[in-house]
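curious how this folds, go ahead:
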Amino acid sequence: MIPYGKHTLFPDDIEAVKHVLESSFLTQGDQVPRFEQAICQYTGAEYAVACNSGTSGLHIACLAAGVSRGDTVWTVPNSFAASANCALYCGASVDFVDIDPATRNICISALTDKLHLALAENKIPKVIIAVHFAGSSCDMAAISAIVEPYGITLIEDAAHALGGSDSDGNRVGLCKYSAMTVLSFHPVKSITSAEGGMVLTNDEETARQLRRYASHGISRDPQLIGAEHADEPWFYAQFELGFNYRLSDLHAALGLSQLKHLDDFVARRLALVREYDKELTDLPVIKPILDENSAWHLYMIELNRHDRKTVFTQLRERGIGVNVHYIPIHLHPYYQKLGFAPGQFPHAEHYYERALTLPLFPAMSADNQQEVVKQLREVLL
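Reported below is the predicted structural model:
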């Protein structure tokens, strides 16, 4: 079976983890700060706070933005549930903005219209989470210009997008237009730390808050604990109700080693995408926009006239590990219990009904890709 996604490990990755296993610290050593600093250097962000998953990162980003009961957070329906769940963890409510059917990212006109309506109803959201779907950056400059007059905090969910850039060449993670950017290091993402995530920001106080929320709300910061404890090196204090979201040195060592390969991984993904773009031209499918700046986490086509279930099943039977990304969040049973219903976000729903994710990963060989194309062609034609 050719999988839709797969991690790539090198001997130096394994050696990096082995080095930590043979060291004095499996956690809270020097690997996490080194990984954070390396990601800052790569993206251009001022501060980075590592955590144990992208989901944890979204949660603490919402907390650092002050999201709490009575607030509302907006995001898009076509994402993994964590993009919305993070607001519910804070006691806030969630709403969605439909997608642009071409880019599959948040629709700028839909966002503008929804904000005008929210202003009239005095229901402006506290936070908007912009999801860089499949690795392509949202139009962050446009989104920022729209939301800034309302005092809305902008968070980037860049779980798919490390290694990508926006249309102006700003690296995803720079936080040029946002308060925070959240990364994921799950095995099928741009690089992996097995499990892990990170929140980037350019604001020092936000970084301090993020670090406390990721570590039980506890800090040893002399500015917080006061001069009376300055001569007590053991002293720490809890300032918020935080969580045990820290990343271990084992995970950080793997992520730090993987980072050396990031640009090569993204370049290989782009080369495979260009080949797909060429090979699928005569097939009855809608291809994604060939975004040269994308990190290309996923490659999704839309079926024009074929039944998706039939195509999915036949390709799986032929050894092609296709998948579907994603069931719109508002259609999950849990969210329907919150009052959401089919028909509310038609572009996201229409996309989902026809979407099919083809295999794409850095170690994918030319023969693998040709087999995918061959089997897809036989099923569709």
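
can I assume residue 363 sits in a strand?
No: using DSSP: H, G, I helix; E, B strand; the rest coil, the assignment for residue 363 is coil, not a strand.

that one and residue 8, how far apart?
Noted for residue 363: a distance of 5 Å to residue 8, by Cβ to Cβ, to the nearest Å. No exception for glycine: its C-beta is placed from N, CA and C like everyone else's.

looking at those two, which is more packed in?
residue 8 (17 against 11; other Cβ atoms under 10 Å).

residue 48: what secondary structure?
Looking at residue 48 with three-state DSSP, the answer is strand.

give the contact list for it.
36-37, 39-40, 198-200, 207 (Cβ atoms under 8 Å, 6 or more residues apart in numbering).

who touches the host helix or strand of residue 302?
Using DSSP states H and E, residue 302 sits in strand 299-303. The contact list for strand 299-303 (Cβ under 8 Å, 6+ apart) reads 104, 134, 272-273, 276, 280, 284-288, 311, 325, 351, 354-358, 360, 380.

just the helices in the stretch 151-300 of the chain please.
204-213, 222-225, 249-259, 262-279 (DSSP state H, counting those that start in this stretch).

how far off helix 249-259 does the longest one point, in degrees?
The directions of helix 262-279 and helix 249-259 differ by 60 degrees, with axes from the mean of the first three to the mean of the last three Cα atoms, to 10 degrees as the criterion.

buried ones in helix 262-279, by neighbour count?
By neighbour count with 16 or more other Cβ atoms under 10 Å, helix 262-279 contains the buried residues 262, 265-266, 268-270, 272-273, 276, 279.

which of the contacts of strand 299-303 count as buried?
Counted by 16+ other Cβ under 10 Å, the contacts of strand 299-303 give 104, 134, 272-273, 276, 280, 285-286, 288, 311, 325, 351, 354-358, 360, 380 as buried.

burial of residue 337, as a residue count?
Neighbours around residue 337, by other Cβ under 10 Å: 8.

which stretch in the helices of the stretch 151-300 of the chain has the least confidence?
Lowest mean pLDDT within these: helix 222-225, a mean of 84.

neighbouring contacts of that one?
219, 230, 235-237, 239.

one more pass at 6 Å, please.
235, 237 (Cβ atoms under 6 Å, 6 or more residues apart in numbering).

filter the contacts of residue 48 down to the buried ones, PyMOL style.
Applied in PyMOL, the following selects the buried portion of the contacts of residue 48 according to 16+ other Cβ under 10 Å:
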select buried, resi 36+39+40+198+199+200+207
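
relative to residue 138, which of the contacts of residue 48 is nearest.
Nearest to residue 138, judged by Cβ to Cβ, of the contacts of residue 48 is residue 200 at 15.7 Å.

wait, the closest one sits on residue 173?
Yes: applying Cβ atoms under 6 Å as the test, residue 200 and residue 173 come out as touching, 5.0 Å apart.

quick one: common contacting residues for the two?
With Cβ under 6 Å, 6+ apart as the test, residue 200 and residue 173 both reach 45, 181.

how far away is residue 251 from residue 197?
10 Å.

in the record's domain split, what are the boundaries for the protein?
11-259, 262-380 (automatic domain parsing).

mind checking how far the strand holding residue 302 is from the chain centre?
19 Å (Cα atoms, centre = their mean, to the nearest Å).

could I get the CA-only coordinates of that strand as CSV?
Extracted in CSV, the C-alpha atoms of strand 299-303 (Å, rounded to 0.1, in the frame of the first residue of the first chain):
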residue,chain,number,x,y,z
TYR,A,299,-2.4,17.0,-2.4
MET,A,300,-6.1,16.9,-2.9
ILE,A,301,-8.1,16.5,-6.1
GLU,A,302,-11.8,17.0,-6.5
LEU,A,303,-13.8,14.4,-8.5
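
that one pairs with which strands?
Under the criterion DSSP bridges, strand 299-303 sits next to strand 285-286 (antiparallel), strand 355-358 (antiparallel) in its sheet.

out of these, nearest to residue 138?
Between these, strand 355-358 lies closest to residue 138; by Cβ to Cβ that is 18.5 Å.

and the next helix or strand past that closest one?
Assigned by DSSP H and E, the successor of strand 355-358 is helix 366-380.

buried ones in the worst-scoring helix or strand of the chain on mean pLDDT?
Across the helices and strands of the chain, mean confidence by mean pLDDT, DSSP states H and E is lowest for helix 222-225: a mean of 84. Under the neighbour-count criterion of 16+ other Cβ under 10 Å, helix 222-225 has residue 225 buried.

related to what we said a few turns ago, neighbour count for residue 251 and residue 197, which is higher?
residue 197 (31 against 25).

so the more buried one bridges to which residues?
With DSSP bridges as the rule, residue 197 is bridged to residue 51, residue 184.

same deal with residue 355?
residue 302.

who's in contact with it?
Residue 355 neighbours (Cβ under 6 Å, 6+ apart): 300, 302, 324.

just the buried subset of those residues, written out for ChimeraX, thanks.
Here is the ChimeraX selection string for the buried members of the contacts of residue 355, based on 16+ other Cβ under 10 Å:
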select :300,302,324
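
how far does stretch 286-303 stretch from start to finish?
6 Å (Cα to Cα, to the nearest Å).

would you mark the buried spots in that stretch?
Buried, per 16+ other Cβ under 10 Å, within stretch 286-303: 286, 288, 291, 293-303.

report the two of those residues separated the most.
293 and 303 (26.3 Å).

residues in contact with residue 106?
76, 97, 130, 138.

the first one: neighbour count?
Think residue 76. 31.

that one reaches residue 132, doesn't it?
No: here residue 76 lies out of contact with residue 132, judged by Cβ under 6 Å, at a distance of 10.3 Å.
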